[in-house]
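Undergrad: Make a model of this:
(chains A and B)
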Amino acid sequence: MATFLTRRIIQMFVVLIASALVSFGLLYIAPGGPLSGLRQAQNSGRNKISNEDILRIKERFELDLYIPYRFSRWLIGFPTGPVTIAGQSFLADTVVGCAIPGQARLRYPDGRVELIEDGCRQYVTVADLIDRRASRGILFGDFGLSQVILRDRPIATLIASRLPYTLQLMGVSALIALFIGVPLGVYSAVRQYSRFDYTMTTISFIGSSIPTFVIGIICILVFAIAAKEAGLPYLPPGNAVANSDYVVPFIGTVVAESTLDRFLHFVMPCSVLVFVNIAGYSRFIRSGMLEVLRLDYVRTARAKGLQERTVVLKHALRNAMLPFITIMAGVLAELFAGAAITESIFNWPGLGRLLVDSIGRNDYSVAMALTMVSIFLLLIGYLITDILYSILDPRIRLS
Amino acid sequence: MLKQQFLRRAAVLFVIAMVVPLIAACGSQAAQQPIKETVVVKETSAPVKETVVVEKEVVTDASFTTPHPILGDVKVRQAIAYCTNRPELIKSVYPFLTDEQQKGLLMDTFLPKNHWAAASDGVTVYDFNPEKGIALLKEAGWEEGANVTTGAPLFLKFTTTSAAFRQTWATVLEQQLADNCGITISRTHAPASWWFGDTTGLARRDYELGAFAWVGQADPGGISLYACNQIPLPSNNWEGQNGMGWCNEAASKAIIAANNTLDRDERIKQYAIVQQEFSKDMVSLPLFNRVEAAAANVKLVNFKPNPTEYYTYNIEEWELPGKDTAVLGFTQEPASLYTLVESAAVATTAAGLLSAKMVTSLDYDYQAVGFTKLPKLGDGATNVDIDVKAGDMVWNTSGEAVALAKDVEVTDATGATVVWDGSSPLKLKQLTVSFEMKPGMKWQDGSPVTKADYELGQKTTCDKESGATTFTFCDSVQTFTQESDTKQTLVFLPGVQWPTFYTGGFGAAPSKQPIESDGPYKGKTLADVPAKDWPTLPEVAEMPWSNGPYKITGWEKGQKMTFEANENYYGTAPKIKKIVIQFYADTNAAVAALLTGDVDVLGTETLGAGAEVQTVVDAAAKGKVQVKTLASPTWEHIDFNMFVK
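TA: Take a look at the predicted model:
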């Protein structure tokens, strides 16, 4: 077990670094950036932006550093300046970026002319990094500062403000879906081709096929807008709490920010996620169970005269759960990352919406922090899954 | 502890081992001097490569000096204007407007028709007239979509962003030009990040016909768009925004003169010259003012959004009978309430509730609010001729503060552009402006806004480490004097001639605001905090003290901001006691909330002019909400790049 864990942790570390490298690279090449917007306004008069201003902006967003150094500063907080050993300063003159790129004109034999960036007119060295702010590195738990969404303030604050909402929504919906989805799947499999099975299969097929945003919008139209217009009890269309008291027919006045208010706001997004998850879980369990119920050892169990309940729950379900556990590995990451679409539709202030916001508004440091934590939790989820495998199936040896 | 250090070192070594090859691959090298000579590499198949030293070297064979074979001819440009049915373009994107409203959006020059500097006399108007367009094309040597002499097709590349509404009107335009005049355009809808990129698209004049929008303002500006010395070229490091390459001596002189005089009548005269030349040369086809819509609860009284002012400018006058709370819907959460570093519309709107407004800019003009009056020459402002000598700090024609020396280009006291020879006597104008604030302004704790507060505001605003984007205004001030709690005087550098000098100086910052958040400044006051730390300080970024109609009482990230009426506001007490700014993921959700009554106001920055406006207009027709559609100062146009690279 110890050997297995050591090996897996080393693997996880390597995967984490590789994922960080890939996702950092992808976001680096994504279009947009802090300088793009400056071209859309007249650059004259009192608000004229000089080249000096552009340099300052590039420095602030580290756009003047070469990508490997930006990556290492973000990952491990290095380099932040010359390394001093025994009073001696090293690496001070090492070039880590380019403040002002050079330009070159390429004139092709066919007469075409192309202007490109070429070389560098003003370099940035390690010594120039001394006065710049830098995080201790995401590997050491410092997510750094938000560049856009919560300008210059810690990403940890931003995540902390959204995490409770995501945990609440994702945790409750996952639990409800598990408690309903698994028994439904088992029952459907045991009663294959029954009316119940057909009904459940149809519903779960619908739940798996229709995108969440469609279900969400339909729910808002029906249970919020139409119900309210018809004078029926209705659910709030979005947000986590109301801003002022409101009256719901048959319920009465709902006090803003009360438990009832929070519950009413929670019902719709949670229900949509539960519906979608139940559809997925029950289909998965049903197919797993159907496979297992046909196996010889189940027939043997029945032949031994065991009760059907024991055969199904103790013998069949345990084996049918093995592939299901694989998909459950992602639940831990989902709990953190949230459901981006559902949160956006219902205006739920969770981390999923934050991820969408951060990408839409080019706040890559926030997007990277969320991605890294999700990757980390996904890896932990897989580790737990592997351990669970050995518990559920004694034939699997971790060693 | 040792173990942690070991792990940290191991991680550092691991990453260094990973990144070193990448660094090598990226061509990182020791710092070196810029190459100052032209290097020519000639190979049989490879391109010839010249290295351009941007600041000093004169590029002898500069790009963008060869006229465009089609667009270089003014007749073709005029023909395109005549062949474009602009009312039809407007209808394609704003079908919900009445014919009269659509007509009101049409533009003939770079200024909206209701702008104080808009000209009509002498302006060439390009009403839809394909016959005239075809005739002009014929004169230019183009018939039935081809060159009469060479047979080359009349084909142009049209570039713009991928925004949905631009795709809509550009599709109509493509059809119009082809059907009416045989002009073929190939449309490219590029990502905005490329089109407005720092080194791509517009910035590199990489287009033939290029469509985008400028945001108009109460002051027309325009010097960076239309002056001859504002044409972006490799030789000037792409400085300037005159991407068309338009150099009309009369227009260039006029736009510089219009931006270097403080006399409004003179400005109107100069802007008229620019507009006449602009329309005659047809270097850029103005299409229409964009529409912006704002919507509100039907019961909201005094909701009067204006095209050139934030819609909350008169929030203290708003009334919502039966409710003491008004909810504003935003689709973007402000990043900070510190407007020195955050200028997004949502941040400015939210922060506007917390500050005593000094000036408004309604209807393309300015009005005093917190000032007793707007200073005028001879009444609060002087503009006198002074002698300057070598070494004096002056304002050059590029809009920078420089020490006067030989070859420095300035605008002299007569308004002429002069390159100083280093010895001749030189007179420049020096502007001095005094602002008088209304008495009785207070912070939310009841303490008065003092001289020290204005001094702190100026000191922080002009600190290069404050995080502000630009310091041009600060650099233009020679001396700042806060004479009392209500009087501020600015003496500008010789040569500075801000046409909008009367719109304000430096604002106040609450020097005595206590710092209660954890950190090195806890227990101190705002005056003790260096400017570089202001953007990260919660007392500045999130819970600033107010001297405006409301004070902030809460900000739940990702959800809402809450404001309550400021009982110490010096002006009229707000009628609505509480304002909530609720954040929505998108405009659809915000509109749904407006229709269900969860939101009372959606401003122009939230509702914009997208498909959701139709929903709101329909709801307004049924009396469910009120909606205001405005001709925004943002205007669409097509630039003609008159040169090839």
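Undergrad: Name the nearest residue to residue 313, sequence neighbours excluded.
TA: Defaulting to chain A. Sequence neighbours aside, residue A:186 is the residue nearest to residue A:313 in space, at 7.7 Å (criterion: Cβ to Cβ, 6 or more residues apart in numbering or on different chains). Using the backbone N, CA and C atoms, a C-beta is placed for each residue, glycine as well.
Undergrad: ah, no, chain B please
TA: residue B:360 (5.4 Å).
Undergrad: ok, now which ones touch that neighbour?
TA: If you count contacts by Cβ atoms under 8 Å, 6 or more residues apart in numbering or on different chains, residue B:360 has them with B:309, B:313, B:366-367, B:369.
Undergrad: How about the secondary structure of residue B:581?
TA: Following DSSP: H, G, I helix; E, B strand; the rest coil, the label given to residue B:581 is strand.
Undergrad: is it true that it touches residue B:332?
TA: No. Applying Cβ atoms under 8 Å, one finds residue B:581 not in contact with residue B:332, separated by 10.7 Å.
Undergrad: Between those two, which is the more surrounded one?
TA: The residue with more neighbours, out of residue B:581 and residue B:332, is residue B:581; 26 against 17, by other Cβ atoms under 10 Å in any protein chain shown.
Undergrad: need the contacts of residue B:360 in TSV with distance to residue B:336, secondary structure and pLDDT, can you?
TA: Below are those laid out as TSV (distance: Cβ to Cβ, whole Å; DSSP: H, G, I helix; E, B strand; the rest coil; pLDDT from 0 to 100):
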residue	distance to residue B:336	secondary structure	pLDDT
B:309	22	strand	93
B:313	21	coil	96
B:366	26	coil	94
B:367	28	strand	96
B:369	24	coil	96
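Undergrad: where along the stretch 201-350 of chain A do the strands fall?
TA: Here the stretch 201-350 of chain A has its strands, by DSSP state E, counting those that start in this stretch, at A:246-248, A:252-254.
Undergrad: Among the ones you listed, show me which one is buried the most.
TA: Neighbour counts (mean count of other Cβ atoms under 10 Å in any protein chain shown) averaged over each of the strands of the stretch 201-350 of chain A peak at strand A:246-248, with a mean of 15.
Undergrad: for that strand, packing partners?
TA: In terms of contacts (3 or more Cβ pairs under 8 Å, 6 or more residues apart in numbering or on different chains; DSSP states H and E), strand A:246-248 is packed against strand A:252-254.
Undergrad: Contacts for the strand it packs on, please.
TA: Contacts of strand A:252-254 with the rest of the structure, by Cβ under 8 Å, 6+ apart, involve A:242, A:245-248, A:260-261, A:264.
Undergrad: same question, stretch B:452-465
TA: Applying Cβ under 8 Å, 6+ apart, the contact partners of stretch B:452-465 are A:56, B:340, B:466, B:468, B:471, B:474, B:477, B:480, B:482, B:488, B:505-511, B:526-527, B:530-532, B:534.
Undergrad: how does it look with 6 Å?
TA: Outside of stretch B:452-465, the residues within contact range by Cβ atoms under 6 Å, 6 or more residues apart in numbering or on different chains are B:466, B:474, B:480, B:482, B:488, B:506-509, B:511, B:527, B:531-532.
Undergrad: Which element, helix or strand, includes residue 156?
TA: With no chain named, the answer covers chain A. In the assignment (DSSP states H and E), residue A:156 maps to helix A:155-190.
Undergrad: if you could check chain B rather than the one you did, that'd help
TA: Taking DSSP H and E as the definition, one finds residue B:156 inside strand B:155-161.
Undergrad: Which elements pack onto the helix or strand following that strand?
TA: Next along the chain after strand B:155-161, taking DSSP H and E as the criterion, comes helix B:164-181. Using 3 or more Cβ pairs under 6 Å, 6 or more residues apart in numbering or on different chains; DSSP states H and E, the elements in contact with helix B:164-181 are helix B:74-83, helix B:86-93, helix B:130-139, strand B:184-190.
Undergrad: who's in contact with residue B:444?
TA: B:545-546, B:551, B:566, B:568.
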